[in-house]
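**Student:** here is a sequence with its predicted model. Questions after.
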Amino acid sequence: MNRRVVITGLGIISPVGKDIKTYWDNLTKGVCGIQRITQFPVDDMIVKLAGEVKDFNTEDFGVDKGTARRSDRFTQFALAAAQQAMNDSGLSIEPERLGVYIGSGVGGIHTFVSETKKVMEEGYNRISPLFIPMMISNIAAGNVAIAHHAEGPCLPVVTACATGTHAIGEAYRAIKHGYADAIIAGGSEAAVNPIAIAGFTNAKALSREEDPAKASIPFDRRRQGFVLSEGGGIVILEEYEHAKNRNANIYAELVGYGNSCDAYHYTAPKPDGSSAARAIKLALDTASFKEGEKLYINAHGTGTPLNDVSETAAIKLALGEELARKTLISSTKSMTGHMLGAAGAVEFIAAVLTVKTGIVHPTIGLYEPDPACDLNYVPHKAIKQDIDVALSNSLGFGGHNATLAVRKL
């Protein structure tokens, strides 16, 4: 069985928008969602910036107070984005043919921190009985399945920064091979808290810049690291004939997926980009990409010194020098910051909208290009360009590489 898979619904919770229209408008206008952290005091911290989701109210997205109270923030984001995506899709389907593939790189770290504080200050008997079910990484997928009566395959993925991309890719394979007719897929993360910030800071992964305009600057020689962010991105993947028979609005067709591992280092990417290049090449081959077609790549583009150079090398290896230089590339993280397990899904949505609208959003803040990052990263302003195939790259700690390919219908 080799069925076609299309995207029929989109949902987003992000620092630059809590609905698809606002998110895409802000990306194409080059709006930065990075600001000084407001969720906790940062005066004594080295890193003071993050991409926060502001004014988030679960009830605005049909999530009742009781469910919200029993859910960590990352699950709340997943529920809200999934409800948006389902509303957008208008999907009606037998429960056993609907699946959920939603992952999180970190899971319920807010719950972990608050309950640990209780242990230290009040004793073990004060731990909430909901501590475990609120903390575990799979619970966002479980709660979304409950909310939408999805009794088909439910497979959370945890591959650090590649989580959302792998979740969508594995959901694509499940539909393609007949295990489900539709899957609610993506990623969610809420790790903007002192312990996560401190951990990434001491690992020398975060930018220490205090000016939001200079903090997340992928491919720029001044870059210092990524900016931690939060949010969720969910898509509805659906078998093509099923979508067509119900006259669904189809954004694009998901046509390729590549999955590889560096097997090199637990945080650093493989310098030559060869394993990441293999994931890109696998996605392009599955997509039956042809010479002469217009290609766009939504880069992982973190703004870390090592990632941007190795990803540039990977793109050149996968495409060849000539095609790489013709390809439009941009980093959503230049505006949203790095949403960890949600990043791949949020950026996949940007790739889908690029194909749908013919607009390539910019990489903002790129004023001093690194000589080792010498491709066209669409600096500063969006470009109007019809795109045939768009790729979305994700590269996670542990050497996890994933690429998705979407094609205009």
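**Tutor:** Looks like it came in fine. Numbers count the residues shown, from 1 in each chain.

**Student:** what segments of the stretch 201-350 of the chain are helices?
**Tutor:** Per DSSP state H, counting those that start in this stretch, the stretch 201-350 of the chain carries helices over the ranges 212-215, 240-245, 274-286, 305-319, 321-326, 333-336, 343-357.

**Student:** quick one: pLDDT of residue 406?
**Tutor:** Listed pLDDT for residue 406 reads 98.

**Student:** phi, psi for it please.
**Tutor:** phi -120, psi 150 (degrees, to the nearest 10).

**Student:** okay, now it: neighbour count?
**Tutor:** By other CB atoms under 10 Å, 31 other residues sit near residue 406. All C-beta atoms are positioned from the backbone trio N, CA, C, and that covers glycine.

**Student:** what residues are up against the nearest residue to it once chain neighbours are set aside?
**Tutor:** The shortest distance from residue 406 to any non-neighbouring residue, by CB to CB, 6 or more residues apart in numbering, is to residue 252 (4.5 Å). By CB atoms under 8 Å, 6 or more residues apart in numbering, the residues touching residue 252 are 6-7, 352, 355-356, 390, 406-409.

**Student:** which pLDDT value belongs to residue 252?
**Tutor:** If you check residue 252, the pLDDT there is 98.

**Student:** list the beta-bridge partners for it.
**Tutor:** residue 7 (DSSP bridges).

**Student:** please apply the same query to residue 396.
**Tutor:** Here residue 396, judged by DSSP bridges, has bridge partners residue 400.

**Student:** quick one: residues contacting it.
**Tutor:** Here residue 396 is in contact with 105, 159-163, 402 (CB under 8 Å, 6+ apart).

**Student:** circling back: which stretch among the helices of the stretch 201-350 of the chain comes nearest residue 266?
**Tutor:** With respect to residue 266, and counting by CB to CB, the nearest of these is helix 305-319 at 13.0 Å.

**Student:** who's in contact with that closest one?
**Tutor:** 218-219, 223-225, 268-278, 280-281, 284, 295, 297, 299-302, 324, 327, 329, 370, 372-375, 393, 395.

**Student:** ChimeraX command for the buried members of these?
**Tutor:** Paste this into ChimeraX to select the buried members of the contacts of helix 305-319, with burial taken from 16 or more other CB atoms under 10 Å:
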select :218,219,223,224,225,269,270,273,274,275,276,277,278,280,281,284,295,297,299,300,301,302,324,327,329,370,373,375,393,395
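
**Student:** among the contacts of residue 396, which are located in helices?
**Tutor:** Counted as lying in helices by DSSP state H, out of these, are residue 163.

**Student:** reformat the contacts of residue 396 as a markdown table; add pLDDT and neighbour count.
**Tutor:** Below are the contacts of residue 396 laid out as a markdown table (pLDDT from 0 to 100; neighbours: other CB atoms under 10 Å):
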| residue | pLDDT | neighbour count |
| --- | --- | --- |
| 105 | 98 | 27 |
| 159 | 98 | 26 |
| 160 | 98 | 21 |
| 161 | 98 | 28 |
| 162 | 98 | 33 |
| 163 | 98 | 33 |
| 402 | 98 | 33 |
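
**Student:** just to revisit the earlier point, need the max-distance pair from the contacts of residue 252.
**Tutor:** Maximum distance among the contacts of residue 252 (CB to CB): 14.2 Å, for 6 and 390.

**Student:** any idea how far residue 135 is from residue 127?
**Tutor:** Per CB to CB, to the nearest Å, residue 127 is found 11 Å from residue 135.

**Student:** what is in contact with the two at once?
**Tutor:** In terms of CB under 8 Å, 6+ apart, residue 127 and residue 135 are both contacted by the residues residue 115.

**Student:** who has more neighbours out of these two?
**Tutor:** It is residue 135, of residue 127 and residue 135, that has more neighbours when counted by other CB under 10 Å, with 20 against 14.
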